[in-house]
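1. Curious how this folds, go ahead:
(one chain, ligands or ions: 1)
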Amino acid sequence: MSREWFEPYNPTSPFASLYEEEFKLPLERTLEEVASIEKIIQSMDNKPRVLDLAGGFGRIGSLLVQGGLVGSLIDLDLNRRLLKVAQKSGINNAIEGDMRYLGFTADTFDLVLLMFTSFGYFVTPEDDLKVLQEAKRVLHLGGTLLLDLPNYDRILQNFSPERDLLLLDNSKIVYRKELVGDLLIETRTRIFSDMNQAQMPPIRLRIYNQKSAGDACLRAGFSAVHAFDQNLQTYEPTSSNRLWLVCTV
Ligand SMILES: C[S@@+](CC[C@H](N)C(=O)[O-])C[C@H]1O[C@@H](n2cnc3c(N)ncnc32)[C@H](O)[C@@H]1O
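-> Okay, here's the model as predicted:
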């Protein structure tokens, strides 16, 4: 079976050993997101049972647990190494798994989080849909899925095809973005200080906007979908940083 780009099979895959350096977010952004999630939680009757789907090293989940904001929290991720980090930051329930196939019975959670562009990874849109269908299946009636996506409308309007990132060992990664059909593909080339180069697996994201992501959530069986930005303000395709879809079962 062919390997998929998001699997940590290769140390140079995007979610493998360099993950923390490549995808480091400013603490202010994480705190802003947690504050918005707290508002969503406050609208619930009880402290929710939360599934942090593709929760990684617990960037969000650990703060929710430490803040006593949740009744329980499970971090499910494909990457065992990131889950070990999550456990060290206070998440006792860190489970290795694929977000398309959840081993939980129906009705297990009140809130499912899918944060920081953890959607649109698969070869087919049908597999993306499976993630939403599984989230819906494991949620309690009245439960909520929070889907956090980039504002792709804005990214495409201000398309910058190349960027680079200096790593701690003084090598750098050069990213080149291109649009191929409905995919945003970012190739990654590592350039070492002696100028040797190594090609790394690319990042491949299926582009979803407010309409197509909302339609996918409705197709997955959610009864209502509301679009916000990351501060729970009205989503503006021309200016919002993030697209937050709050989907209700
Ligand atoms: C960009 S990170 C986001 C992590 C976390 N949600 C956050 O907000 O910091 C994407 C995560 O998805 C995980 N992942 C990728 N494919 C997955 C899959 N098929 N099933 C479960 N997790 C997956 C990666 O291991 C990585 O931790």
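2. contacts and neighbour counts: CA atoms only from here.
-> OK.
3. Helices along the protein, start to end?
-> Assigned by DSSP state H, the helices in the chain fall at 19-22, 27-42, 61-66, 80-88, 125-138, 152-157, 210-219.
4. Okay, domains of the chain per the record?
-> As recorded under automatic domain parsing, the domains making up the chain are 19-152+209-248, 155-204.
5. for the top strand by length along the chain, the distance to its chain's centre please.
-> Identified as the longest strand of the chain according to DSSP state E is strand 139-150. Centroid displacement of strand 139-150 relative to its chain, using C-alpha atoms, centre = their mean, to the nearest Å, is 13 Å.
6. Is any residue of it near the ligand?
-> No. Taking C-alpha under 6 Å from any ligand atom as the criterion, strand 139-150 and the ligand are apart, separated by no less than 8.6 Å.
7. Also compute the angle for that strand relative to helix 27-42, please.
-> 150 degrees (axes from the mean of the first three to the mean of the last three C-alpha atoms, to 10 degrees).
8. Show the average pLDDT along strand 139-150.
-> If you average the pLDDT over strand 139-150, you get 98.
9. That strand pairs with which strands, and in what direction?
-> Partners of strand 139-150 in the sheet, by DSSP bridges, are strand 109-114 (parallel), strand 242-248 (antiparallel).
10. Determine which of those approaches the ligand most closely.
-> Closest to the ligand of the strands paired with strand 139-150, according to C-alpha to the nearest ligand atom: strand 109-114, at 5.9 Å.
11. pretty sure residue 201 is in contact with residue 14, am I right?
-> Yes. The pair residue 201 / residue 14 is scored as a contact, 7.1 Å apart, by C-alpha atoms under 8 Å.
12. More neighbours: which of these two?
-> Neighbours were counted for residue 201 and for residue 14 using other C-alpha atoms under 10 Å; residue 14 has more, 21 against 17.
13. Was I right to think that one contacts residue 6?
-> Yes. Using C-alpha under 8 Å, residue 14 makes contact with residue 6 at a distance of 6.6 Å.
14. Now list whatever residues contact both of these two.
-> Residues touching both residue 14 and residue 6 by C-alpha atoms under 8 Å, 6 or more residues apart in numbering: residue 203.
15. Need the residue in the chain that's farthest from the chain's center.
-> Within the chain, the residue lying farthest from the chain centre (C-alpha atoms, centre = their mean) is residue 194, at 34.5 Å.
16. And it, how close does it get to residue 162?
-> 22 Å (C-alpha to C-alpha, to the nearest Å).
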